[in-house]
Every structure is written in structure tokens, then in C-alpha cells.
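*Asks:* Let's see this in three dimensions:
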Amino acid sequence: MKWPRLLLIAILMLSCAHKQDSSRVSVLKELNQEPENDQHSLNLKKDLLAEYNLEKASWFEQLEKKKFTRREYKKRNLFLVEQARSANKEMFSELENLNSQKNKPVIPTEKLKKAFKKAAGYQFLSDSEKRDPKKLEIGYCFYRALLSHYYLLKMGVPQERIGKVWAIGTLVAPPVVWEFHVATFVFTGKKILVLDPMFEGPIGLKKWAKEITKLSGENPYPQLRFYASDPRKFLPNSGPYSKELMEHKKVNDKTQRLLRFLGSK
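*Replies:* Sure thing, here's the model as predicted:
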């Protein structure tokens, strides 16, 4: 009698695994839907970490031509700060131009607040992890950006009105040091609002950037670069969401739990 029972259990387990896999694929399909008329103009495949390193190398080449002395430490740093500030200003201006083009219909702030609340409410740490003082609710920004993206789509916000904004450079929130931060934003038609659970609600793009700059590990000479991307970009050096990417050993555990959670809704 044991074998039929074990066989039944095995069949049920396989059936459950198949359903979970199907739900994960369904979530990824929804996240990766093509923008209407394929008019989304934000980059998707560019490696933003490599882009930042190339930019910094260029800044240092220009710096060498300035021939500042070692005693002119402040001037050297202010030059680098200005390079980052100028590039960021250009990026923000480009986004504002896009927002003026994507102004109909105006997306209500209330819709963004609902998506924000849902994304901010998800707990990334398990109960056992919460009891571990070495585990922090930090370092999961790309998951939170995914959540915000997903809930915005669920609430009817078109894919072409959504994007992600990345802060690349040295970021510090003691005892953690990391190299990028990301959040989802929306072209509302009136202003660009960022959904980042680090804050209390949707926040204006430039105000968000100003607050994130306070985390720069290079302060008082911050050299963070801000980049905008297609919302389907999962990591700064990856392309769109994919099953293979989600199963990567570095992100697998929490990613699979997150996709199962979304697939069960």
C-alpha cells in the first residue's frame, strides 16, 4: 500500500511545482509586456555599471589636463562633482521632456499611492532572518522596484508611462556599503513621481535624487550618477526580467519567493 501512496504524493508535488512555475512565468510575462506602439524611449540593455566606470575614467582624463597640484585637493574634487552634476542635469532634463510628451491622460496620484503601499508592505526577510542582527532590510531595492512596477501595471498604468531610475556610485548606510540603488518612477503627465519604499510615499524625481545623494560615500564631494531605464530592466548590468535571470544563484531564493507571492494574487 505504500507505493501507491508515495506515487500520489509525488504526483501532487509535481503538480504543485508546475502550477508555481506557471504562475512565475505569468508574472514575468506581465512585467515584460511591450509598451504600446513600442514607443518606450528609455534604454533597456545598456550596462549602467560599465557606463558609469567609463564616464568616471573620462572625468579623470579631463582632470589630468587641468594640472591641479596635490594641494588643490578641493578643486580636484569639485571638478568631479561638477561633471556628475552636469550629466545628471542633462538626464533629468531629458526625462522632463518625455514627461511633457506623455501627458495624456494624467495619472492620478492616488493610484500611485496604492501601488506604493502594496510594494512597501512586502517583507523580504523571513521570521528567522529578522531575529538575526546581521540581516538588514536593506539591499533589496531591485525587488522593491519590481514590486512597484508590477502593482502599477495591475492598476492600469501603461508600460510606456513607467520607468526606473538608478543611482550608480558608492552608497553608504552604515554598516552597509553598496554600488547602486534603483526605484520605479511614473510619468504622471504633471510631474515625474518616484515610488521608493525608503520614503513615506511617492516623491518628486529631483527631491528623490537629492535625498539619495546624501547617502553618497564620497560626500561632501558626491559623484553619484543617475540613469533612467526601461522599467523591464531588473539589474543595472542586465536586460529585461527573465526566468534564467530570476533563477541565478545570487538572487534565486528571494526572487522565487517574491514571484510565488505575486503569482498567488
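
*Asks:* Could you pull out the strands in the stretch 151-265 of the chain for me?
*Replies:* 162-173, 176-187, 192-195, 203-204, 225-229 (DSSP state E, counting those that start in this stretch).

*Asks:* Of these, give the one that comes closest to S100.
*Replies:* Of all the strands of the stretch 151-265 of the chain, strand 176-187 sits nearest to S100, with 9.0 Å by Cβ to Cβ. The C-beta positions use only the backbone N, C-alpha and C, and glycine is treated the same way.

*Asks:* quick check: angle from the closest one to strand 225-229?
*Replies:* Interaxial angle of strand 176-187 relative to strand 225-229 (axes from the mean of the first three to the mean of the last three Cα atoms, to 10 degrees): 50 degrees.

*Asks:* Which strands or helices does strand 176-187 pack on?
*Replies:* Strand 176-187 sits against helix 48-66, helix 73-101, helix 141-154, strand 162-173, strand 192-195, helix 205-213, with contacts defined as 3 or more Cβ pairs under 8 Å, 6 or more residues apart in numbering; DSSP states H and E.

*Asks:* Please spell out which residues along it are buried.
*Replies:* The neighbour-count check on strand 176-187 (16 or more other Cβ atoms under 10 Å) flags 180-187 as buried.

*Asks:* Out of those residues, which comes closest to S93?
*Replies:* F187 (14.2 Å).

*Asks:* May I have the beta-bridge partners of the closest one?
*Replies:* Counting by DSSP bridges, F187 is bridged to I192.

*Asks:* Which of the strands of the stretch 151-265 of the chain sits closest to F79?
*Replies:* strand 225-229 (15.2 Å).

*Asks:* Around V106, count how many other residues there are.
*Replies:* 10 (other Cβ atoms under 10 Å).

*Asks:* looking at the protein, which helix or strand does the model trust least?
*Replies:* Lowest on mean pLDDT, DSSP states H and E among the helices and strands of the chain sits helix 127-130, with a mean of 50.

*Asks:* Run through the protein and note the low-pLDDT ranges.
*Replies:* Across the chain, the ranges flagged by pLDDT under 70 are 1-23, 37-41, 124-139, 247-253, 263-265.

*Asks:* The residue nearest in space to the middle of it: what's it in contact with?
*Replies:* Residue closest to the average C-alpha location in the chain (Cα atoms, centre = their mean): V182, at 3.2 Å. Contacts for V182 were tallied using Cβ atoms under 8 Å, 6 or more residues apart in numbering; they are 141-142, 145, 164-167, 236.

*Asks:* swap in E179?
*Replies:* 49, 168-171.

*Asks:* export those residues to a markdown table and tack on distance to P108?
*Replies:* Converted to a markdown table, the contacts of E179 look like this (distance: Cβ to Cβ, whole Å):
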| residue | distance to P108 |
| --- | --- |
| L49 | 35 |
| I168 | 31 |
| G169 | 34 |
| T170 | 37 |
| L171 | 32 |
